[in-house]
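J.: no sequence on this one, just coordinates:
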């Protein structure tokens, strides 16, 4: 069994189990039967009849092997196992082949749509399963446990996942993570379970195997089922004597991408004049009635556009640490809990927050009209001219009597100014570019870009499963995970994160499907209601600039990268029950203190220095 961080002893033990299992069970579907018990005494009762063969005259004698059944290694899978998929119901019993000339292996691969290592396996299925030595003897069933956001998988999400797999096979939805009990310990996705189709017995398991390991495993399993000698092992190919083929592929895919993806909901998002205006507004403390707070107060360019405090302070103390916005334009969701589905929607949250800027759209509209009218008009005036604000109250927002009493047309005109401020701020953040760092240079082929300690840490990064969530150019999956980081709430209660925002997100005033969007049809599809797994779930932050963005966690309670590594290594076990919400996910492995000390070496090189 290939389990992150615990490979050797477990692998040897399971290999021994597999050998014994194969010897006992490989021919159970044909003529191999246990010998009948002989009568040794005249007149003794008849011995039990031998079990009926599973196949007679080329036909199965039953539609499934006899029990007992269990979802476990060396056990027969229960016949009632079944899953819904984009192409209909998938039943485990449909893979039963008692009359086949030789056993085949059903490979059940469990993954998630947010998982980077799973994506590599999906898009390299042909590479893994196409070897002429065994291609005809493998069957593949992909079970998908979650969608891109880590919500329970839907038929649409399963179909989207199937479209990414580069070889034919069945795909099914498995939000219950049915086969988790097969593994002897927590391991990184994707997980492979190998099943003998003549007996439906689980013969072996693997977690995120590299291509050579997969080939060796399949050849060995088939040899054992066929009672053939153990085949010679294929030597693992490593880049720089360090990384396996899949790991090196993923490293190359981590190379920096300069421009963020387009945002059709903001027609001004890539306009240089809007970006320049947004930069001015980003630093403008005059947009806050106190005159003391701007966006830049909590998003300091010298700290990867985060700040140095545990819970950020505006006009009041907040409950969370300010996330970096240096790569925010590349993100699918905004804020720790994803309560904004676009960058411009995010920019409209802090000004009207009572503890952040303490401002209002009426106050900001007056500030734009009195101090920024010429710039605003040059960018937006042809489509959205500044209205006459004479007689309009100096401050107010929805819920305030001064604002609510205004005519609908006036409220819309003021809100349009406010929305365009948000779109300008988003344009500025979209204009941010960072320089390639040492990992980018290494991914480009410069083997000297990383030192020995950093290379060992990079190897550990993959072995521990960090690349499940921190992958791609932005080193994040943009999904939401419950990892029990301590709360930063002022009342000390556990922070429920994503769970508490999903039910109202679709109805928010500035969501991408609203009338304020420049492309409502481009809005993201929301899966509702929030699943229990979203309790305590927060967005995976980008690791670019992580060394400069301390303190860490949504509550800002961890001062050093070593604290973060220790938290992961202990799976949050040291956090008191009342200090965090939610349950840590199954595929977060634990790892020892030596690796906890080593892992930050690679994180420290993931800089996000601004490009000119």
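T.: Arrived safely, thanks for sending. Everything numeric here is computed off the predicted structure, so don't read it as measured data.
J.: so what's residue 355 up against?
T.: Counting by Cβ atoms under 8 Å, 6 or more residues apart in numbering, residue 355 makes contact with 314-318. Any C-beta I mention is one placed from the backbone N, CA and C, and that applies to glycine too.
J.: And it, how close does it get to residue 579?
T.: 21 Å (Cβ to Cβ, to the nearest Å).
J.: next one: residue 356
T.: Taking Cβ to Cβ, one finds residue 356 at 24 Å from residue 579.
J.: what about those two, which has more around it?
T.: residue 356 (22 against 19; other Cβ atoms under 10 Å).
J.: Identify the residues contacting the more buried one.
T.: 293, 298, 312, 314-316, 318, 349-350.
J.: and it, helix, strand or coil?
T.: Following DSSP: H, G, I helix; E, B strand; the rest coil, we place residue 356 in the coil state.
J.: Residue 365 reaches residue 412, doesn't it?
T.: No - using Cβ atoms under 8 Å, residue 365 is not in contact with residue 412, being 11.6 Å away.
J.: So the two - more neighbours on which side?
T.: More crowded of residue 365 and residue 412, by other Cβ under 10 Å: residue 365, with 24 against 14.
J.: Does that one lie in a helix or a strand, and which?
T.: helix 361-371 (DSSP states H and E).
J.: counting contacts, what elements does that helix pack onto?
T.: helix 401-404, helix 408-431 (3 or more Cβ pairs under 8 Å, 6 or more residues apart in numbering; DSSP states H and E).
J.: Residues in contact with the first one: which ones?
T.: Contacts of helix 401-404 from elsewhere in the structure, counted by Cβ under 8 Å, 6+ apart, are 360-362, 393, 395-398, 411, 414.
J.: Okay, now stretch 222-233: how far is its last residue from its first?
T.: 13 Å (Cα to Cα, to the nearest Å).
J.: worst-scoring helix or strand of the protein, pLDDT-wise?
T.: Within the chain, no helix or strand scores below helix 7-25, which has a mean of 38 by mean pLDDT, DSSP states H and E.
J.: can you list the domains in this protein?
T.: 7-33+45-236, 272-431, 438-603 (automatic domain parsing).
J.: per-stretch mean pLDDT over these, give me the minimum one.
T.: For the domains of the chain, mean pLDDT drops lowest on domain 7-33+45-236, to a mean of 87.
J.: Tell me where the chain has strands.
T.: Ranges of strands within the chain are 55-56, 59-60, 82-85, 88-91, 105-111, 138-144, 170-173, 191-196, 201-207, 238-239, 243-244, 480-482, 537-539, based on DSSP state E.
J.: Could you tell me which other helices and strands the second one packs against?
T.: Judged by 3+ Cβ pairs under 8 Å, 6+ apart, strand 59-60 is in contact with no other helix or strand.
J.: Ok, the fourth one next?
T.: In terms of contacts (3+ Cβ pairs under 8 Å, 6+ apart), strand 88-91 is packed against strand 82-85.
J.: What is the strand it packs on packed up against?
T.: By 3+ Cβ pairs under 8 Å, 6+ apart, strand 82-85 packs against strand 88-91, helix 155-164, strand 170-173.
J.: ok, and which of the ones you listed has the densest surroundings?
T.: strand 170-173 (a mean of 22; mean count of other Cβ atoms under 10 Å).
J.: Quickly run through the sheet partners of that one, with directions.
T.: Sheet pairing of strand 170-173 (DSSP bridges) gives strand 138-144 (parallel).
J.: tilt between the strand it pairs with and strand 105-111?
T.: Interaxial angle, strand 138-144 versus strand 105-111 (axes from the mean of the first three to the mean of the last three Cα atoms, to 10 degrees): 20 degrees.
J.: wait, what's in contact with residue 181?
T.: Residue 181 touches 71-72, counting by Cβ under 8 Å, 6+ apart.
J.: how about a cut-off of 10 Å?
T.: 70-73, 75 (Cβ atoms under 10 Å, 6 or more residues apart in numbering).
J.: same deal with residue 255?
T.: Counting by Cβ under 10 Å, 6+ apart, residue 255 has contacts 436, 439-444, 472-473.
J.: among these, which ones are buried?
T.: Among the contacts of residue 255, those buried by neighbour count (16 or more other Cβ atoms under 10 Å) are 436, 439-443, 472-473.
J.: Please flag which of those residues sit within helices.
T.: 439-443 (DSSP state H).
J.: if we can go back for a sec, in ChimeraX, select just the buried ones from the contacts of helix 401-404.
T.: Buried members of the contacts of helix 401-404, defined by 16+ other Cβ under 10 Å, are picked up in ChimeraX with:
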select :360,361,362,393,395,396,397,411,414
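J.: if we can go back for a sec, would you format the domains of the chain as CSV with distance to residue 249 included?
T.: Putting the domains of the chain into CSV (distance: least, Cβ to Cβ, whole Å) gives the following:
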stretch, distance to residue 249
domain 7-33+45-236, 6
domain 272-431, 21
domain 438-603, 10
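J.: Please identify which of the ones you listed is closest to residue 263.
T.: domain 272-431 (6.3 Å; Cβ to Cβ).
J.: Distance from the chain centre to the closest one, please.
T.: Chain-centre distance of domain 272-431: 30 Å, with Cα atoms, centre = their mean, to the nearest Å.
J.: Also stretch 422-442?
T.: 22 Å.
J.: Quick one: neighbours of the closest residue to residue 506 other than its chain neighbours, just the number.
T.: With Cβ to Cβ, 6 or more residues apart in numbering as the criterion, residue 506 has its nearest non-adjacent residue at 5.3 Å, and that residue is residue 526. The tally of other residues near residue 526 (other Cβ under 10 Å) stands at 16.
J.: Test my guess that residue 526 contacts residue 148.
T.: No - counting by Cβ atoms under 10 Å, residue 148 is not a contact partner of residue 526; they are 11.9 Å apart.
J.: And for residue 342, the neighbour number?
T.: Residues near residue 342, counting by other Cβ under 10 Å: 28.
J.: So which of the domains of the chain is nearest residue 256?
T.: That would be domain 438-603 among these, by Cβ to Cβ, at 5.0 Å.
J.: May I have the distance across that closest one, first residue to last?
T.: 11 Å.
J.: Restricted to helices, list the contacts of residue 356.
T.: Those of the contacts of residue 356 lying in helices (DSSP H): residue 298.
J.: Not including adjacent chain positions, what is the nearest residue to residue 420?
T.: residue 380 (5.1 Å).
J.: which residues does that neighbour contact?
T.: Residue 380 neighbours (Cβ under 10 Å, 6+ apart): 268, 273-274, 277, 368, 386, 416-417, 419-421, 423-424.
J.: any idea how far it is from residue 287?
T.: Distance from residue 380 to residue 287, by Cβ to Cβ: 17 Å.
J.: Against residue 431, how distant is the residue positioned nearest the centre of the chain?
T.: The chain has residue 114 as the residue nearest its centroid, 3.6 Å off, counting by Cα atoms, centre = their mean. Distance, residue 114 to residue 431, by Cβ to Cβ: 28 Å.
J.: now residue 415
T.: On the measure of Cβ to Cβ, residue 415 and residue 431 end up 25 Å apart.
J.: cool, and residue 557?
T.: Distance from residue 557 to residue 431, by Cβ to Cβ: 32 Å.
J.: now residue 133, nearest residue through space, not along the chain?
T.: Using Cβ to Cβ, 6+ apart, the nearest residue to residue 133 is residue 219, at 6.7 Å.
J.: Share the number of residues neighbouring the one you found, please.
T.: For residue 219, using other Cβ under 10 Å, the count is 19.
J.: give the contact list for it.
T.: Here residue 219 is in contact with 131, 133-134, 228, 230-234 (Cβ under 10 Å, 6+ apart).
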